[in-house]
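Visitor: Model the following, please.
(chains A and B)
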Amino acid sequence: MGVQGIGARLVRKEDQRFITGSGRYTDDISERHMTTAVFLRSPHAHAKIASMDIAAAKTMPGVIAVITGQDIIDGGIGDLICGWMIHSKDGSPMKMSPYKVMDPDTVRYVGQPVAMVVAETKAQAVDAAEAIEIDYQTLPALTDFAHAMDEGAPQVHEVAPNNLICDWQLGDEAATDAAFASAAHVVEVDIRNNRLVPSAIEPRAAVASYNAAEDHYTLYTTSQNPHVARLVLSAFYNVAPEHKLRVVAPDVGGGFGSKIYIYPEEIACLFASRTVKRPVKWTADRSESFMTDAHGRDHVTKAKLALDADYKFLGLKVDTIANIGAYMSLFSSATPTYLYATLLSGQYNLPNIYANVKLVYSHTTPVDAYRGAGRPEATFVVERIVEVTARKLGISPVELRRRNFITAFPHQTPVLMNYDPSDFPGLLTKALEVIDYDNYPARKAQSEADGKLRGIGFSCYIEACGIAPSQAVGSLGAGVGLWESAEIRVNPVGTIEILTGSHSHGQGHETTFTQVVAERFGIPNENIQIVHGDTDKVQFGMGTYGSRSGPVGMGAIAKALDKVEKKAKLLAGHLMEADPDDIVIENGELKVAGTDKKLAWHEVSLAAYVAHNLPEGMEPGLTEKSFYDPANFTFPAGAFICEVEIDPGTGVTRIANFVAVDDFGVIINPLVVEGQVHGGLAQGIGQALLEGCVYDDAGQLITASYMDYCVPRADDLPSFALDHLEIANPSNPLGIKGCGEAGAIGAPPAVINAITDALGTENIIMPATPEKVWRAAQAARPQLAAE
Amino acid sequence: MYATNYAKATSLEDAVAKLQAAEDGKFLGGGQTLIATMKQRLAAPSDVIDVTKIPELKGITVDADTVTIGAATIHSEVASSKEIAAAIPALSGLAGTIGDPAVRNMGTMGGVLANNDPAADYPAAAMALDAVIHTSKGSYPATEYFTGMFETALDDDEIITKITYQIPLKAAYEKFRNPASRYSLCSVFVAVLKNGEPRVAVTGSGNDGVFRVGAMEEALKSNFAPEAVTGIAVDPETMLADIHGSAEYRAHLVSVLAGRAVAKAG
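Guide: The predicted structure follows:
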């Protein structure tokens, strides 16, 4: 392997264990005397629990305990929290109802846990759960959230009349209205951003173990942020004191946001372990994942764009209803507000923006951040309305964008964000080159000759990553700071452990993070190890989401490396009787510049630990820590172009070409970044074409398995053409902007813009299934449908 | 899954005896539906009797006019059989579209036909290729075998042993998948039998399971060309409907896919 620094296409070292089945996931963990937990779940979307009889279940073979919601309340366990306080435009705080681990009185979505059985085996637990008798009094359910505020709609929580949690706004409404009053053109769109199921490959799981002898708890769990889990579990849910709780997130098979949150089941497992004084394991089956992992998106939006006579944008006005589901999940308030409306300026000079978001309850699974979290929704609004506007005004969508791109930086938008430099026109130009835009008419003609409809769609997205700085998010209502920590621990023999608060659940940290260290000291990557996911090992961490592990997690590593480098140079200077400022580190050696004096890296690290000869006042050891809090969000941006070919007979859409040109700032490992983009594009194309969560009017989840919920497969996707502009981020120690969510953010409007271009109608709702496309084609071009 | 007893039958007689001895027994013909249903606790047979190891259910024979396939033949064997591919390439091609490799390596032709899922593929081939379904008790022409959705002429203790397909003059299968499950949403098998009779069979869409389209067959007699069938509509009232395809859409697909199958058959 040798020394593979920044920019090397290093193959992921963790893949060896993942693809050979040697990973160690939560469900792989077994403890002595371990028990198995199973949750009984509500079959109804809305019902009162008139009575519950657990007597028979308690006497079933192998049953150790049957735990009810009342038991958990009586045990002093707190309600679930929402970690971000927002306020309505009248200044009143959001109307959050109590969110119990297991509500003993009322169920509000299908799959809500109502009782927990702890037994010797899973089969025994399932049998006992079936023996629990519950008398439900069913009530009308609200699933059509667009009508949540209608008179007579079923009410989800008393504290939120008309199901309205918060009537939130951002921007200057009067100034925006004035811009519309002076506009030469106004274009409106109606948008529905479809509801998605996260579909991490590994279901959620927990192994909770209370050690009575030590009065200490260990929780192994599928978490993207084990330290946050520990903090919340101890400070708010009172399930264990923070200093007596170790949370371990071992190998975790994907999250996409759904494993940020601390769910009722993990809390209940810790409570149950304390109750039965034995370890308790729970592993969700796939049906439970569908019903209980926080879903994503689910907006209805009306938007309008004002332009002057030269087609310059004057203002954007956006009205959104966001479905929160039956309870407010941990970041559910932030996702459709501050993570959404702050990106409504897109890549454009847009002097006036006003957004109003109404957050509503419904009798559905809680909705929260899912890959992109608010930014895909914002991008979809902006990039759809820009494309529709171009078509309505008869100007090329490329030209309309060029006329309105931001070209001077830093750029302050009217919706809080202050963009760092990028090159939006350059990204689009490169994307046009890569897709060979000049020859698009010939490709379209060929498709038509083959009896197919071809369309092209654009999407020029910008997003805010890092989910930081702490002071900024704190001023907007976040309950936590969003820095990241790292410790660089140089061992006496010169090998290095990187202790990071980031958590890898597919991102490749074990590979990429070593490259930053290898680059700095010129030591081989195999001598560098990542330590993460264990609150007993790592100092603290805010975890991995929001594409933050690159810019913030590696930023913290860079800051800690600065300290290690400074100390190593001080020591090397002392040992070689040279000025520390003259020491350079190259190829694993510390050299005195301009001389042949040098020490190997391991000689210096050993000297630090044997401590026989240290400079006056220097402490032994060579290990340094950093808590890095960025000065700004980071702003990855890109230009995507999608070409589709539609079979008008069946309505099947094939992605013929897809180009993504991104500016992620400095790229540490292009191979890993390309993988991230491929995955994000797959999910974005999945949202556009395939994925859509469906509830019926009674609140039953129709798409409750992969028989009906369609995730993209390899053969649904084209071979992507990727390129980059690497414009270093001046706000970041390594110049990084972040890449994890870009594909999912930018892809949906590119696909839908291409489909609507092919069909000649704007009237298509995601996912653009074959039947919807066929119907739209019929409506738009009746002569084709007759084919 | 509830606890269940598994037994391997060594002969047809052994299978029937084991079924009769069981409190609530079920034959297992590959398990690609039954086991999944049991894992969901939606089915709870006391005993499952695996019939796939019975010698009479094995083997593929091809003669001048027919292809006969043992009921325990797994889909991957049908898909990769050179003999079947030479005689009825549309049939081996169809087998290659079923499920995924894991399903094709476990699921059997007899299991599919006994289950008669409305979205299964083989029923369309059986109807279009004038197949005979041979069982432990006798035999049925395909047209009399399929009696409704998940319904067949089989008795509870009757086992399919083999299936005989007519080798057609030409045939093609046009499969349109449910994007999520990848089962047939609407698929059309078109064949011209050696007596010159055209056949059009549809699976995935009929609310009584597989069906033939008489009007299309009639039209193809005088003109075996796509345009002979694309103008013929089936009644949406007879179609299934779900979130993946309305009855109207499925009815439309029958005409489109029949035309494409005719074109593919040549």
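Visitor: Domain map for the chain?
Guide: All of this is about chain A. When chain A is parsed with automatic domain parsing, its domains come out as A:31-139+A:201-254+A:259-292, A:296-467+A:632-785, A:483-628.
Visitor: if you could check chain B rather than the one you did, that'd help
Guide: B:5-50, B:55-166, B:170-265.
Visitor: what about the shortest one, start to end distance?
Guide: Using CA to CA, to the nearest Å, the gap from the first to the last residue of domain B:5-50 comes to 11 Å.
Visitor: And the residue of the stretch 151-266 of chain B closest to chain A?
Guide: The minimum distance from the stretch 151-266 of chain B to chain A, using CB to the nearest CB, falls at B:A180 (3.7 Å). From N, CA and C alone the C-beta is placed, and that goes for glycine too.
Visitor: before we move on, back to that, point out the most buried one among the domains of chain A.
Guide: domain A:296-467+A:632-785 (a mean of 22; mean count of other CB atoms under 10 Å in any protein chain shown).
Visitor: re the thing from before, tell me which of the domains of chain A sits nearest to chain B.
Guide: Per CB to the nearest CB, nearest to chain B of the domains of chain A: domain A:296-467+A:632-785, 3.7 Å.
Visitor: right, and A:P140 touches A:P154 too?
Guide: Yes - the pair A:P140 and A:P154 qualifies as a contact (CB atoms under 8 Å) at a distance of 4.2 Å.
Visitor: Now do the shared contacts for those two.
Guide: Overlap of the contact sets of A:P140 and A:P154 (by CB atoms under 8 Å, 6 or more residues apart in numbering or on different chains) consists of A:H46.
Visitor: Of these two, give the one with the bigger neighbour count.
Guide: A:P154 (17 against 14; other CB atoms under 10 Å in any protein chain shown).
Visitor: May I ask you to confirm that the more buried one belongs to a helix?
Guide: No - with DSSP: H, G, I helix; E, B strand; the rest coil as the criterion, A:P154 is assigned coil and is not in a helix.
Visitor: To A:F256, which of the domains of chain B lies closest?
Guide: When the domains of chain B are compared by CB to CB, domain B:170-265 sits nearest A:F256, at 18.7 Å.
Visitor: So, low pLDDT: which residues of the chain?
Guide: No chain was given, so I picked chain A. Scanning chain A for pLDDT under 70 picks out the ranges A:1, A:781-787.
Visitor: My question was about chain B, not that one.
Guide: Judged by pLDDT under 70, chain B has no weakly predicted residues.
Visitor: all helices of it, in order?
Guide: Per DSSP state H, chain B carries helices over the ranges B:12-21, B:34-39, B:75-80, B:82-87, B:89-95, B:101-104, B:109-115, B:122-128, B:142-145, B:214-222, B:226-230, B:247-265.
Visitor: Who are the packing partners of the fifth one?
Guide: Helix B:89-95 is packed against helix B:75-80, helix B:82-87, helix B:122-128, strand B:170-177, strand B:184-192, with contacts defined by 3 or more CB pairs under 8 Å, 6 or more residues apart in numbering or on different chains; DSSP states H and E.
Visitor: Identify the bridge partners of A:I641.
Guide: Counting by DSSP bridges, A:I641 forms beta bridges with A:F458, A:V659.
Visitor: A:D723 too?
Guide: Where A:D723 sits in a bridge, its partners, by DSSP bridges, are A:V661.
Visitor: wait, doesn't it sit right on A:L428?
Guide: No - with contact defined as CB under 8 Å, A:D723 does not count as touching A:L428 (11.8 Å).
Visitor: list residues touching both of these two?
Guide: With the criterion set as CB under 8 Å, 6+ apart, the overlap between the contacts of A:D723 and A:L428 is A:V661.
Visitor: could I get the domains of chain B as a markdown table with mean neighbour count?
Guide: Output for these, formatted as a markdown table (neighbours: other CB atoms under 10 Å in any protein chain shown):
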| stretch | mean neighbour count |
| --- | --- |
| domain B:5-50 | 17 |
| domain B:55-166 | 20 |
| domain B:170-265 | 21 |
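Visitor: Turn the ones you listed into TSV, including distance to A:H147.
Guide: Formatted as TSV, those follow (distance: least, CB to CB, whole Å):
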stretch	distance to A:H147
domain B:5-50	33
domain B:55-166	34
domain B:170-265	20
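Visitor: Just give the nearest non-adjacent residue to the residue of the stretch 151-266 of chain B closest to chain A, would you?
Guide: Nearest residue to B:A180, sequence neighbours excluded (CB to CB, 6 or more residues apart in numbering or on different chains): A:C710, at 3.7 Å.
Visitor: gap between that neighbour and A:S258?
Guide: Look at A:C710 and A:S258: by CB to CB, to the nearest Å, they are 18 Å apart.
Visitor: Please apply the same query to A:M96.
Guide: 20 Å.
Visitor: ditto for A:I528
Guide: From A:I528 to A:S258 the distance is 30 Å (CB to CB).
Visitor: Close to chain B: what parts of chain A are there?
Guide: Residues of chain A lying near chain B by CB under 8 Å from any CB of the partner chain: A:123, A:126, A:287, A:649-650, A:690, A:694, A:702-703, A:706-710, A:716, A:769-771, A:774-775.
Visitor: go with 6 Å
Guide: Proximity of chain A to chain B, by CB under 6 Å from any CB of the partner chain, involves residues A:G649, A:L690, A:V694, A:I702, A:M707, A:D708, A:C710, A:E771.
Visitor: Quick check: the farthest pair among those residues?
Guide: Top of the distance list for the residues of chain A next to chain B (CB to CB): A:G649 and A:I702, 27.0 Å.
Visitor: Just the element for the residue nearest to A:G501 when sequence neighbours are not counted, please.
Guide: Leaving out its chain neighbours, the residue that sits closest to A:G501 by CB to CB, 6+ apart is A:G541, at 1.7 Å. Using DSSP states H and E, A:G541 sits within no helix or strand.
Visitor: Just want the phi and psi numbers for A:G541.
Guide: When read as degrees, to the nearest 10, the backbone of A:G541 gives phi -170, psi 150.
Visitor: Pretty sure A:H503 is one of the things it touches, is it not?
Guide: No - applying CB atoms under 6 Å as the test, A:G541 and A:H503 come out as separate, 7.1 Å apart.
Visitor: got the residue ranges for the helices in the stretch 501-650 of chain A?
Guide: A:509-521, A:555-575, A:601-610 (DSSP state H, counting those that start in this stretch).
Visitor: same deal with the stretch 51-200 of chain A?
Guide: A:55-58, A:69-74, A:122-131, A:173-181.
Visitor: what's the distance between the second one and the middle of its chain?
Guide: Which is helix A:69-74. The chain centroid and the centroid of helix A:69-74 are separated by 32 Å under CA atoms, centre = their mean, to the nearest Å.
Visitor: same thing with the longest one?
Guide: Averaged C-alpha coordinates place helix A:122-131 at 35 Å from its chain's average position (CA atoms, centre = their mean).
Visitor: Export the helices of the stretch 501-650 of chain A to JSON lines and append columns for distance to A:R384.
Guide: Below are the helices of the stretch 501-650 of chain A laid out as JSON lines (distance: least, CB to CB, whole Å):
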{"stretch": "helix A:509-521", "distance to A:R384": "34"}
{"stretch": "helix A:555-575", "distance to A:R384": "34"}
{"stretch": "helix A:601-610", "distance to A:R384": "54"}
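Visitor: For A:T413, which of those is the nearest?
Guide: helix A:555-575 (23.4 Å).
Visitor: now that closest one: how far from the chain's centre is it?
Guide: 33 Å.
Visitor: Would you mind writing the CA trace of it as CSV?
Guide: Output of helix A:555-575 as CSV, limited to C-alpha atoms (Å, rounded to 0.1, in the frame of the first residue of the first chain):
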residue,chain,number,x,y,z
GLY,A,555,-11.3,19.1,9.7
ALA,A,556,-10.9,18.0,13.4
ILE,A,557,-8.3,15.5,12.3
ALA,A,558,-6.4,18.2,10.5
LYS,A,559,-6.5,20.5,13.6
ALA,A,560,-5.2,17.7,15.8
LEU,A,561,-2.5,16.9,13.3
ASP,A,562,-1.4,20.5,13.5
LYS,A,563,-0.8,20.0,17.2
VAL,A,564,1.0,16.7,16.8
GLU,A,565,3.2,18.2,14.1
LYS,A,566,4.1,21.1,16.2
LYS,A,567,5.1,19.0,19.2
ALA,A,568,7.0,16.5,17.0
LYS,A,569,9.0,19.3,15.4
LEU,A,570,9.7,20.8,18.8
LEU,A,571,11.1,17.5,20.0
ALA,A,572,13.0,16.8,16.8
GLY,A,573,14.5,20.2,16.9
HIS,A,574,15.6,19.6,20.4
LEU,A,575,17.1,16.2,19.6
